[in-house]
Every structure is written in C-alpha cells, then in structure tokens.
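Novice: Sequence and predicted structure are below.
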Amino acid sequence: MPFYDPGFGDVGQVYDPAVTLGFLAAQTERIALGSAGFVAPLREPILTAKEAASIDALSGGRFMLGMSSGDRPSEYPAFAQNFDNRAERFREAWQIIRKLTQERFPQFDTQHYGRFSGDLDLVPKPENGLPMLAIGRARQELDWLANQADAWIWHGIDPNSVGEIIRTVAELGDGQTWHPFGYANMVELLEDPNAPARLYHNILLRGGANSLVDFWRQQQSQGVAHIAINLKPTRRPPLETMQDLLENVVPHFSA
C-alpha cells in the first residue's frame, strides 16, 4: 500500500514489499519469506510475476507469494481502477502469474489485462514452483480458495469456527491436495508468562507466553497450520518480545 489514508488508521507495510523482500533475502539464509499480501488488483501482474520469480531465485527458493484483493476504496481512484470488480481482477491476475511462472511461452487471452501470444517467456522461472497464498477472503468463493490457492491465510475469525472452515475447504478440494489454512493475530505479548490469553474482536490476542501457547495449541488441534503474528500492539521492546517468542512460544510448535 503506497498511501497513508488517515481514515483507515495505518499504512500497512511502510516500505515497498518487493524491495523489503530483496533486503531480507540478502540478510537471511534459511527462513521462508512471504508477502501478506500484494494487492493484486492494484498491481501489474506481469511485473508481480517478475518480482516474485526474482525474489524466489535470489533467496534460493524460499519465497511464497501472498496476494489480497485490497480493502481500501480510497486508493483505487489514484490507480484509475474499479473497486467493484477487484474480485474478478484478482482471479485473473492470479491466473496470469501462475501461467507465467509455470509455463514456457504461454498463450492465452485475458479480460482485464493483456493478450499473451506464445512468443514471450518470463524469466527466471521458479525451479520448484512458486507457492501462492490467498490473503484474506479476497472476495472469493470457498470452492475457488479450496482448489486454486496453495494455502490460505484469513483474519478476524471466531476461533470456534476454524475447524468447520478447514473441513469445508477439504471437502471442496480434490481430496488429495493439502491446502494449509492459517490466520492472523495482532498480538500483545505480556511479560507475565501466565497472564491469561484474551481475544478481542477475533483479531487482537493479549496474554503471556504460556497462555498463548495453550491458545494456539487448541487452534492447532482444529487443523490450523499457520499463525501470522503482528506485534504492532505489543508495548514491550521489539527485541525483548521476539526473544520471548523464540524461547517460550516457537519451540512448542517446531516440526
């Protein structure tokens, strides 16, 4: 999101995500890198495919492309884009990126973007395929999410509903392919490790390390494969908070 909209309250990712991912690729060796996510209807999908393939190559195959449909109407006029058809353009951008990163000299037509005549090929190609994640609902039907997205990260979900969501996605899928499901929590990690975990508005999770472990273990037992942790609400020093997570939370979920 390139803009600050005072009516929305935050700017999301301050720095350009592709530049940030390039920096992280150079600073790390083993951790997975991902976007959560590129706003597909506001981006040229050919260039997104090029950026994703480049990040994947420069990081040694560690990149996962997460894309969303966007939820800030004020940005769309600046891009001369239609806010109301973003669901259709999200699906088409997804298809373009899939084909450009998987097929050689693809040939196909699109409704909202360009025409591919089979005489151009995108390089580089991800050697082991490019994992693509749907971020948020992206205004898509569950059937699409169950069969097109390699994984899905939602937010603002009642934790008591995740088991049913995961079962529904599995039933709508092909019966063979696992499509991991996860969601995002805004987390305030308290100093007292036994401070009880409390969830506000199905998004803000506040508590100590031990209580968060118990909460996320319950979610794991329902089939949740991934939790995206946003530490923005945490008032403790960032390095102290990260150390607490690494020492007292992450080991409980290590493979």
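Specialist: Looks like it arrived, so ask away.

Novice: Do a quick rundown of the helices in the protein.
Specialist: Secondary structure of the chain, counting by DSSP state H: helices at 17-27, 45-58, 86-102, 142-148, 162-172, 209-221, 238-248.

Novice: Which one of those helices lies nearest to residue 197?
Specialist: Taking CB to CB as the criterion, helix 209-221 is the member of the helices of the chain that comes nearest to residue 197, at 3.9 Å. Every C-beta, even on glycine, is put in place using the N, C-alpha and C of the backbone.

Novice: tilt between that closest one and helix 238-248?
Specialist: Going by axes from the mean of the first three to the mean of the last three CA atoms, to 10 degrees, helix 209-221 is angled at 60 degrees with respect to helix 238-248.

Novice: which secondary structure elements does helix 209-221 contact?
Specialist: The elements that helix 209-221 packs onto, with contact taken as 3 or more CB pairs under 8 Å, 6 or more residues apart in numbering; DSSP states H and E, are strand 181-189, strand 204-207, helix 238-248.

Novice: what's in contact with that helix?
Specialist: Outside helix 209-221, the residues that touch it by CB atoms under 8 Å, 6 or more residues apart in numbering are 159, 162, 187, 189, 193-197, 199, 205, 207, 224, 227, 244-245, 248-249, 252-253.

Novice: deepest of the helices and strands packed on helix 209-221, which one?
Specialist: Taking mean count of other CB atoms under 10 Å as the contact definition, the stretch among the helices and strands packed on helix 209-221 with the greatest mean neighbour count is strand 181-189, which reaches a mean of 22.

Novice: What mean pLDDT does it get?
Specialist: Computed over strand 181-189, the mean pLDDT rounds to 96.

Novice: mind listing what it pairs with, with the direction of each?
Specialist: strand 151-155 (parallel), strand 204-207 (parallel), strand 226-230 (parallel) (DSSP bridges).

Novice: got the ones you listed as JSON lines, with mean pLDDT and distance to residue 91 columns?
Specialist: Formatted as JSON lines, the entries for the strands paired with strand 181-189 read as follows, by pLDDT from 0 to 100; distance: least, CB to CB, whole Å:
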{"stretch": "strand 151-155", "mean pLDDT": "95", "distance to residue 91": "14"}
{"stretch": "strand 204-207", "mean pLDDT": "97", "distance to residue 91": "31"}
{"stretch": "strand 226-230", "mean pLDDT": "94", "distance to residue 91": "23"}
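
Novice: For those, could you give me a markdown table that also reports distance to residue 113?
Specialist: Supplementary listing: the strands paired with strand 181-189 in a markdown table, determined by distance: least, CB to CB, whole Å:
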| stretch | distance to residue 113 |
| --- | --- |
| strand 151-155 | 23 |
| strand 204-207 | 37 |
| strand 226-230 | 29 |
